[in-house]
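Here you go, sequence then predicted model.
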Amino acid sequence: MAPLKVTKICCIGAGYVGGPTCAVIALKCPHIQVTIVDLNKARIDAWNSPDFALPIYEPGLVEVVRQARGRNLFFSTDVDKGIEEADLIFVSVNTPTKKSGVGAGFAADLNYVELATRRIATVATSSKIVVEKSTVPCRTAESMRTILEANSRPNCRFDILSNPEFLAEGTAIADLFSPDRVLIGSLQTQEGIDACESLKQVYANWVPPHSHCRPLVFRAVQLAANAMLAQRISSVNALSALCEATGANIDEVAHAIGYDSRIGPKFLKASVGFGGSCFQKDILNLVYLSESCHLPEVAAYWRQVVEMNEYQKRRFSKRVVDTLFNTITGKRIAVLGFAFKADTGDTRESAAITLIRDFQSEKALVNIYDPQVSHEQIWTDLQEASPLAPLNTIKKQVTICKSAIEACKDAEAVVIATEWKEFKDIDWEAVYASMNKPAFVFDGRLLIDADKLRKIGFTVTTIGRPSSTLV
Ligand code: UDX
Ligand code: ADP
C-alpha cells in the first residue's frame, strides 16, 4: 500500500509548540485542513479572537494566523471531533517536570501525554498516524503505542511517529519556515516507514527533502542538543564570575572564544541565567536518565549545569544588595523584563522570577515592566515562587507598571532582566532625572551601553565585568 496522503491534521495542545507549528503547516499546506484543539477554553478563544489577540506572542505569528485562520486552520475545544476527523494527529501537550512522586523535580510528567493518548484510543474509529511532538524522553512513543494498541477498536491501526520540535521561542516562525533539520522517527517496519513518508510529504510542501527516518530512540538527540546549549551558557556564566573577580570583560572573552570555529559565536552570551520551558527540564531529564542507568558521575556532571544557573541568579541578586550599601529594605527597584528572553511572552523558568523573589525577601519594593507578559501571568508566577505569602502581601511589595519610564520613577536601582530591544532605546536621561540618587543600573543581559549611562550619571554594574566604574 502506498503511504497515506494526509488531508486532515489535528493538533492536540494549542501552546507554544503546537500553536505556531500547526499554524505554519496550515499556511504552507492550503490543501490540508488543520484543526488545533485544546481543553483550555480561554486559550482557544484567544486563538479565535476577532482582533487576533493571540494567547502567545511570537514575531510573525499573527500574520500567519491571519492568512490561514478560517481557510484551512481552525481552533476548537472539541478535542474528540478533532481526533475523529483527522488522519494525522500531533500530540503537543505540556510535559512539565514532575512535582511529586518518583523522579519529582527531575523526570517529565507524562500524565498529559498519557491522557491525550488514551483519549485518541477511546475516540478514534479509523486508523491514524499519531505524532508525538511534546518534549518528552525517549521511549515515550513506545508507551504511546502500547496504550493505543491495548485500547484500539478492531480495524483501527495506529502508527506512532516521533517528530521533536527544535524551534526556539521568539524566532519560532523563522525556525519553522526554514528549519535546520526535520527529524522523524518511526518503527522500521513497512507501516512505520510509510507513516514517516506521509509526514515527510507534509513538510515537503516547504522544507527541502532532507528529513530523516530514524529509530525511535533518537529523541535523545533533542535532550542532548538542549543540554549542550545550556551547558555553554553555564560555562560562560561561570567565566563571568571569574571576569568580575579579575577585571576582565566577559563579552570580550566570549567574543574571542567564539572566533574558534570549532566552538562558534552563538550561545556564549553571559546572562543572569537561562530560562525557558526546555533547558532546565531537559537537563533534569538527562540527570534522571543517568541515575536510572546507575551513572551517578554523569548525573552529577549535568546537574552542575543547572546548579551553575541557580548560582548565577543568586550571585546577581547578591550583587544588587551589596552594591546598594548592603541593604535594599524599603528601597524601590525597577525590574525591566519578566519574560525568559526577548520576543516572547513566555515566563517559564524566567530568571526574573527568582530575582524578584530574592528582592522581596530582602523587603525591597519592586516595580516590574515587561512589554508582552500579562499582569495576570506575573501575579501567578510570583505567587508560585512564594507559596507561603498571600497574594495581598505580595501586592503590597510589588507594582506592575505600564512602561519602563513609569517603573523607574523614584527607584534607587534599575535591573535589566530580559534583553528587550526597547530597553536599549529608552530615554535614559529622563529615567535618571526621575530616580533617587545615586541611581544604579544592573545590566543582567549585556544590553545597554554602560559608558553612555555612566556619562549621564548612573552607577552601572554589568554581568561579567568588575564593579568599579573606572573599568
Ligand atoms: C530552546 C532551544 O534553543 C530550542 O532548540 C528547543 O527546541 C527549545 O529550547 P528556547 O527555550 O525557546 O529554545 O530559547 P533559547 O533561545 O534556547 O534560550 C534559552 C535561555 O537561554 C533564555 O533564557 C536565553 O535568554 C538564555 N541564553 C541564550 C543566554 O543566556 N545566553 C545565550 O547566549 C543564549
Ligand atoms: P508547550 O510549550 O509544550 O507547547 P504549553 O503548556 O504551552 O506547552 O501547551 C500545552 C497545551 O496542551 C496547553 O494549552 C494544555 O491546555 C493543552 N493540553 C494538555 N492536555 C491536553 C489534553 N488531554 N487535550 C487537549 N489539550 C491538552
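Right, received. Where do you want to start? Ligands and ions are numbered 1, 2, ... in the order given.

pLDDT value on Val65, please?
Per-residue pLDDT puts Val65 at 98.

what's the spacing between whatever helix or strand it lives in and its chain's center?
Of the helices and strands defined by DSSP states H and E, Val65 is found in helix 61-68. Its chain's C-alpha centre and that of helix 61-68 lie 21 Å apart, by C-alpha atoms, centre = their mean, to the nearest Å.

do it and ligand 1 meet at all?
No. Helix 61-68 stays clear of ligand 1 (C-beta under 6 Å from any ligand atom), getting no nearer than 13.8 Å. Yep, even glycine has a C-beta here, placed from its N, CA and C like the rest.

List of residues touching that helix?
19-20, 23-24, 26-27, 30, 34, 47, 52, 54, 73, 172-173 (C-beta atoms under 8 Å, 6 or more residues apart in numbering).

swap the cut-off to 10 Å and go again
Contacts to helix 61-68, defined as C-beta atoms under 10 Å, 6 or more residues apart in numbering, come from residues 19-20, 22-30, 34, 47-48, 51-54, 58, 73-75, 172-173, 176-177.

Can you list which of these are found in helices?
Counted as lying in helices by DSSP state H, out of those, are 19-20, 22-28, 47, 172-173, 176-177.

still on that earlier bit, can you select the buried ones from the contacts of helix 61-68 in PyMOL?
Buried subset of those, written as a PyMOL selection, criterion 16 or more other C-beta atoms under 10 Å:
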select buried, resi 19+20+22+23+24+25+26+27+28+29+34+47+48+54+58+73+74+75+172+173+176
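
Now do the contacts for the closest residue to ligand 2 within the chain.
In the chain, no residue comes nearer to ligand 2 than Gly15, which is 1.9 Å away by C-beta to the nearest ligand atom. Listed by C-beta under 10 Å, 6+ apart, the contact partners of Gly15 are 21, 36, 38, 40, 43, 55-56, 92-94, 134, 277, 346.

leaving aside the residues next to it on the chain, what's closest to the spatially most central residue of the chain?
For the chain, the residue nearest the mean C-alpha position is Gly276 (3.3 Å; C-alpha atoms, centre = their mean). For Gly276, ignoring the flanking residues on the chain, the nearest one in space by C-beta to C-beta, 6 or more residues apart in numbering is Phe340 at 4.8 Å.

now swap in Pro371 and tell me
Trp420 (5.8 Å).

so the one you found sits right up against Phe340, yeah?
No. With contact defined as C-beta atoms under 10 Å, Trp420 does not count as touching Phe340 (11.9 Å).

Where does pLDDT dip in the stretch 101-250 of the chain?
Scanning the stretch 101-250 of the chain for pLDDT under 70 picks out 135-138, 210-219.

Get me the contact residues on it for ligand 2.
Tyr112, Leu115, Ala116, Arg119, Ser134.

Let me see the contact set for the first one.
I take that to be Tyr112. Ile12, Gly13, Leu39, Val91, Val93, Asn94, Thr95, Pro96, Ser134, Val136.

How about the secondary structure of the third one?
In the three-state summary, Leu39 is assigned as coil, counting by DSSP: H, G, I helix; E, B strand; the rest coil.

and it, how many residues sit next to it?
Leu39 is flanked by 16 other residues according to other C-beta atoms under 10 Å.

Please apply the same query to the first one.
Using other C-beta under 10 Å as the criterion, Ile12 is surrounded by 29 other residues.

cool, and the fourth one?
For Val91, the tally of surrounding residues (other C-beta under 10 Å) stands at 25.

so where does the residue nearest to Leu391 when sequence neighbours are not counted fall, helix or strand?
Closest residue to Leu391 apart from its sequence neighbours, by C-beta to C-beta, 6+ apart: Gln383 at 5.5 Å. For Gln383, the element it lies in under DSSP H and E is helix 375-385.

can you list the residues that contact that helix?
Taking C-beta under 10 Å, 6+ apart as the rule, helix 375-385 contacts 338-339, 345-350, 352-354, 356-358, 360, 366, 368, 370, 373-374, 389-391, 394-395, 397-398, 400-402.

That helix close to ligand 2?
No. Figure legend: helix 375-385 not in contact with ligand 2 (C-beta under 6 Å from any ligand atom); closest approach 12.1 Å.

Which of the three states applies to Gly105?
Assignment for Gly105 (three-state DSSP): coil.

give me phi/psi at it?
Per-residue torsions, Gly105: phi 80, psi -10 (degrees, to the nearest 10).

does it really touch Lys98, like I thought?
Yes. Assessed by C-beta under 10 Å, Gly105 is found in contact with Lys98 at 7.0 Å.

for the record, mean pLDDT for stretch 44-51?
Rounded mean pLDDT across stretch 44-51 is 98.
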